[in-house]
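S.K.: need coordinates for the following:
(one chain, ligands or ions: 1)
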Amino acid sequence: MSKLINPQETIRIIQKNDFKFQKRFGQNFLIDEGVLLNIITSSEITKSDCVLEIGPGIGTMTQALAEAAGHVIAVEIDANLIPILNETLKDYTNVTIIHSDVLKLDLNDIINTYNDGKPIKVVANLPYYITTPIIMGLFESNAPLYSITVMVQKEVADRMQAVPGTKDYGALSLAVQYYSNPEIVQLVPPNCFIPRPNVGSAVIRLTRHSVPPVNVSDDKWLFKIIKSAFGQRRKTLLNSLSSGAGIPKDATLEVLHKMDLSETIRGEALSLMEFATLSDNLISFNINN
Ligand code: SAM
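M.R.: Modelled structure (predicted):
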């Protein structure tokens, strides 16, 4: 089977199979070899790695992953792509194609089955409509992962890397930085895909922390506090925690004073460390505790 990573070969496969792009599945296929090679290099895959690819499409990146890795598990939701993948990947004995919605998959189960429960690497050109649920699902599953190297919307990559006090900083920045160290590898223009997306893209590598950079007694409560703090951006922290997490204002005020923070501070000014202190000091309001 010839390499798919060029516009001519991608169009040939699409026409031969009478494949119709489905917007609802976020289908923008990569056609740029330089970008593909950069994804493979920056994900630091070796023959001892098991890789999970989310959304293989027609198998363009899967071919390159199969050459670099020990085993590739490719999870694709679109039934029309499964026979195409069976054809384009038939020469690779180290690829397992799974027809499923990745959000419904038990990742720990997959890792136990295909990699004896040892950590895997995730590599993907993600469907942009579900980037955040996919990334959060991967982290929150607590499945053993070394890293996640993914193509996302440039704007989402900026949010993942953002620091306090900037316009991009929010719940996604804090969650990603709690679990990993994010690094943008490359910016990718729309002409690197068929069809072209309406937005710029970026490859970002999230290297999982072996231990989180802050220590909290309940990380679910930390994320409840963070989500509430950014629920209504223009509100003060005092008001957002009251409406979003049901925390009495006098209790939040007391903690803010203890932390030497202003009564009118907003969530976007707090670092991960400050959110950790805040959530531990308000743990008595965690009804699930
Ligand atoms: N990897 C291919 C490439 O780079 O050319 C395709 C990338 S395309 C941006 C996203 C892929 O994810 C599509 O193949 C789409 O059908 C698939 N997809 C969308 N939603 C999915 C889901 N919930 N679970 C698994 N795959 C999904």
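S.K.: drop to CA atoms for contacts and neighbour counts, all remaining ones
M.R.: Will do.
S.K.: once you drop chain neighbours, what's closest to residue 79?
M.R.: Closest residue to residue 79 apart from its sequence neighbours, by CA to CA, 6 or more residues apart in numbering: residue 99 at 6.9 Å.
S.K.: who's in contact with that neighbour?
M.R.: When contacts are counted by CA atoms under 8 Å, 6 or more residues apart in numbering, residue 99 touches 75-79, 82.
S.K.: got the phi and psi for it?
M.R.: phi -90, psi 100 (degrees, to the nearest 10).
S.K.: circling back to that earlier point, among the contacts of residue 99, which pair sits farthest apart?
M.R.: 75 and 79 (11.0 Å; CA to CA).
S.K.: the stretch 101-250 of the chain: helices as residue ranges?
M.R.: Using DSSP state H, counting those that start in this stretch, the helices of the stretch 101-250 of the chain run over 107-115, 131-140, 154-161, 171-179, 219-231, 237-245, 249-258.
S.K.: out of those helices, flag the one nearest residue 279.
M.R.: When those are compared by CA to CA, helix 219-231 sits nearest residue 279, at 5.3 Å.
S.K.: what packs against the closest one?
M.R.: Secondary-structure packing of helix 219-231 (3 or more CA pairs under 8 Å, 6 or more residues apart in numbering; DSSP states H and E): helix 171-179, helix 237-245, helix 272-281.
S.K.: counting contacts, what elements does the longest one pack onto?
M.R.: What that stands for is helix 272-281. Packing partners of helix 272-281 (3+ CA pairs under 8 Å, 6+ apart): helix 219-231, helix 249-258.
S.K.: now do that helix against helix 249-258, angle only.
M.R.: For helix 272-281 against helix 249-258, the angle by axes from the mean of the first three to the mean of the last three CA atoms, to 10 degrees is 130 degrees.
S.K.: other residues contacting helix 272-281?
M.R.: Residues contacting helix 272-281 (CA under 8 Å, 6+ apart): 174, 178, 214-218, 221-222, 225-226, 255-256.
S.K.: can you select the buried ones among those for me in PyMOL?
M.R.: Written as a PyMOL command, the selection of buried residues from the contacts of helix 272-281, which uses 16 or more other CA atoms under 10 Å, is:
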select buried, resi 174+178+216+221+222+225+226+255+256
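S.K.: of the contacts of helix 272-281, closest to residue 15?
M.R.: Closest approach between the contacts of helix 272-281 and residue 15, by CA to CA: residue 174, at 43.3 Å.
S.K.: can you tell me the closest non-neighbouring residue to the closest one?
M.R.: Excluding the flanking residues, the one nearest residue 174 by CA to CA, 6+ apart is residue 272, at 6.2 Å.
S.K.: also residue 252?
M.R.: Once flanking residues are discounted, residue 252 sits nearest to residue 238: 6.2 Å by CA to CA, 6+ apart.
S.K.: list the contacts of that neighbour.
M.R.: Counting by CA under 8 Å, 6+ apart, residue 238 has contacts 249, 252-253, 263-265.
S.K.: highest neighbour count among the residues you listed?
M.R.: Comparing the contacts of residue 238 by number of neighbours (other CA atoms under 10 Å), residue 252 comes first, having 21 neighbours.
S.K.: for burial, what's the neighbour tally of residue 66?
M.R.: Residues lying near residue 66 (other CA under 10 Å) number 20.
S.K.: and residue 140, by the same measure?
M.R.: Neighbour number of residue 140 under other CA under 10 Å is 13.
S.K.: now do residue 21
M.R.: Neighbours of residue 21 under the rule other CA under 10 Å: 16.
S.K.: any idea how far it is from residue 11?
M.R.: Distance, residue 21 to residue 11, by CA to CA, to the nearest Å: 12 Å.
S.K.: list, one by one, the residues from the stretch 101-250 of the chain near the ligand.
M.R.: Residues of the stretch 101-250 of the chain lying near the ligand by CA under 6 Å from any ligand atom: 101-103, 125-127.
S.K.: good, wrapping up.
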